[in-house]
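Student: pasting the sequence and the predicted coordinates here, then a few questions.
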There are 2 protein chains.
Amino acid sequence: MIAKTPEPPYYAVIFTSLRTDGDNGYAEMSNRMVELAKAQSGFLGYESAREGLGITVSYWKDQESIRNWRDNLEHQAARRKGKILWYKQFTTRIAKVERDYDFIIAQDFEK
Amino acid sequence: MIAKTPEPPYYAVIFTSLRTDGDNGYAEMSNRMVELAKAQSGFLGYESAREGLGITVSYWKDQESIRNWRDNLEHQAARRKGKILWYKQFTTRIAKVERDYDFIIAQDFEK
C-alpha cells in the first residue's frame, strides 16, 4: 500500500480534495483512472487515503510522464466532470522528490 | 483542511505510513507534533488522512526549515518512539513543489 518508488529524483503529484455529497459515479471513475494511470509510461505508483479530506499522491518518472497523463483524453474528461460533480475543492501540486527514507519494522530485527 | 500554501516553489514532506495496532499514546503525540510543527519557522501548513494507509503532507518554506524541524529534539524523540511503538512501515519523501493549481466550487459560479 506504500508505493515502491525508485531512487530519487522522480516526481510526485499531490492531489488534495474535498468531495461533494453522494457517489455520483465517483468510485467507478476513480477505479478507471487508477487503471489508466497504471498503463501510462513513467507511472511509478500511487498512495491514497480519505478521511473527510482526501489525499492521493501519484509518482512519476519525470515531468513528461505527468504532461502525457494530463493530456490523456479520458483523464481530461474525468477532470472536467470532477469540477461539476465530485469535488467542492481541490489542490494539485507537482513536486520533484529529492530524497526519501524507508522504515520497515522487520528490518530493525535484522540489524 | 486543504493547506493554503504560498506561490511555489516551496517544499513538501510526504509521510506515508502503516500503523501498528492500538493507540499506545499515538493520538497525543500526533497532536503535540502538529502543535510543535506549527510553531516552527518556515512551516506553511499540513494535510492528513488515514484510511488503513496514512498520508500526512507538511509544507515548508525551504530545505533549511525541514532540517530544523528534523533536528528538533522532541520531534527526534517522537520519531524514535514511532519506530518502536507506532509504525509497521513508513516512507518519508522530501519534494520541491514546482507548480500548483486550486479549484474551489464557488469560483466557478463567479466566472
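Tutor: Nice, thanks for sending it over. The structure presented is a predicted model; accordingly, all values stated were derived computationally and were not measured.

Student: mind giving me the packing neighbours of the longest helix belonging to chain A?
Tutor: Secondary structure of chain A per DSSP state H: the longest helix is helix A:26-39. When contacts are defined as 3 or more C-beta pairs under 8 Å, 6 or more residues apart in numbering or on different chains; DSSP states H and E, helix A:26-39 sits against strand A:43-51, helix A:73-81. Glycine gets a C-beta too; all of them are placed from N, C-alpha and C.

Student: B:Ala49 is nearest to which of those?
Tutor: For B:Ala49, the closest of these is strand A:43-51, at 4.1 Å, according to C-beta to C-beta.

Student: re earlier: in CSV, could you pull the C-alpha coordinates for the longest helix of chain A?
Tutor: Taking C-alpha atoms only, helix A:26-39 is exported to CSV below (Å, rounded to 0.1, in the frame of the first residue of the first chain):
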residue,chain,number,x,y,z
TYR,A,26,-17.1,8.7,-8.4
ALA,A,27,-16.0,5.2,-7.3
GLU,A,28,-16.2,3.8,-10.8
MET,A,29,-14.3,6.8,-12.3
SER,A,30,-11.7,6.6,-9.6
ASN,A,31,-11.0,2.9,-10.3
ARG,A,32,-10.9,3.6,-14.0
MET,A,33,-8.4,6.4,-13.5
VAL,A,34,-6.1,4.2,-11.4
GLU,A,35,-6.2,1.5,-14.2
LEU,A,36,-5.5,4.1,-16.9
ALA,A,37,-2.7,5.8,-14.9
LYS,A,38,-1.0,2.4,-14.3
ALA,A,39,-0.9,1.9,-18.0
